[in-house]
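>>> Return a 3D structure for these sequence lines:
(one chain, ligands or ions: 2)
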Amino acid sequence: MHHTDIVALALIVTNEVPGLQVFHEGHWFDVQYVPSSITVTIGDQILVQISDCGLCFFSRHQQILLRFTLCITISLCILLSSSYVDCPEVDRVFGLRLLGLCALVASSVLSRIGLRLSNGKYKNVLHRVTVDKEKQRMSWPVFVDANPDVVIRPLPELITGDNPSMFKSIICKDFKYRRLYKLPVD
Ligand SMILES: O=C(O)CCC(=O)C(=O)O
Ligand SMILES: [Fe+2]
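Numbers count the residues shown, from 1 in each chain. Ligands and ions are numbered 1, 2, ... in the order given. Here you go, the predicted structure:
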């Protein structure tokens with residue numbers, strides 16, 4: 001079933017069986033499988049700013065990069081520690097889990113910070129997954145999502161006379177409820 005994700009970003013790890021397709025300019029395109037890669041798609045809460053907060057000593061772009069890095073660290077730690085379950089080096093598994101936990105805590109702190117839409121500048125990706133009857137495909141999406149009480153709205157800096165706001169401000173939990181139950185959002 002084709003859809004866009006109601007979150008900000010999706011980080012997708014799959015096995016070697018392709019299947020993900022994205023819609024662009026009227027056509028469906030296969031997403032190439034690249035070994036050991038993570039596919040990142042933009043969701044409905046398009047992330048452009050992590051706003052004023054105790055972490056403002058980081059620039060906006062550094063904060064976005066930090067969130068990306070933390071999410072990828074968590075994903076890799078969980079992935080690696082679960083594949084090393086029978087590993088005799090218990091310390092290594094423990095270390096990975098500890099690193100994953102620290103990244104999770106840091107990421108959760110960052111997710112309390114404002115998350116807003118790009119006023120239509122960065123498009124959410126319409127995508128779907130095809131099924132191969134011969135080969136089993138496995139995918140592990142990790143969603144980057146705003147906290148329920150975060151306001152999702154276009155960046156004030158992006159709103160000008162020529163570029164009026166395309167979206168109303170909405171609390172994340174209401175936004176997701178409306179999207180899940182296919183109610184109008186704007
Ligand atoms: O399996 C995939 O590659 C994508 C999964 C997906 O689109 C989703 O869980 O929202
Ligand atoms: Fe999806």
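>>> contacts, neighbours, all on C-alpha from now
Fine.
>>> separation between Asp132 and ligand 1?
According to C-alpha to the nearest ligand atom, to the nearest Å, Asp132 stands 13 Å off from ligand 1.
>>> typo on my end, Ala8
In terms of C-alpha to the nearest ligand atom, Ala8 sits 12 Å off from ligand 1.
>>> Neighbours of that residue, how many?
Counted with other C-alpha atoms under 10 Å, residues neighbouring Ala8 total 21.
>>> Ser82 now?
Ser82: 14 neighbours (other C-alpha under 10 Å).
>>> Quick check: the gap between Gly100 and Leu80.
10 Å (C-alpha to C-alpha, to the nearest Å).
>>> Between these two, tell me which one has more neighbours.
It is Gly100, of Gly100 and Leu80, that has more neighbours when counted by other C-alpha under 10 Å, with 23 against 14.
>>> what's the burial count for the nearest residue to the more buried one once chain neighbours are set aside?
Distances taken as C-alpha to C-alpha, 6 or more residues apart in numbering put Ile74 closest to Gly100, at 4.6 Å, once the chain neighbours are dropped. Applying other C-alpha under 10 Å, we find 23 residues neighbouring Ile74.
>>> can you check Lys123 too?
15.
>>> Disregarding flanking residues, what is the spatial nearest neighbour of it?
Leaving aside its chain neighbours, Lys123 sits nearest to Ile42 (7.0 Å; criterion: C-alpha to C-alpha, 6+ apart).
>>> show me the contacts for that neighbour.
Residues in contact with Ile42 (C-alpha atoms under 8 Å, 6 or more residues apart in numbering) are Asp5, Ala8, Leu9, Ala10, Tyr122, Lys123, Asn124, Val125.
>>> Relative to ligand 1, how far out is it?
Distance, Ile42 to ligand 1, using C-alpha to the nearest ligand atom: 11 Å.
>>> just Thr73 next, same as before
For Thr73, the distance to ligand 1 equals 19 Å [C-alpha to the nearest ligand atom].
>>> Could I get the average pLDDT for the helix or strand hosting that residue?
Secondary structure from DSSP states H and E places Thr73 in helix 60-83. Averaged across helix 60-83, pLDDT comes to 71.
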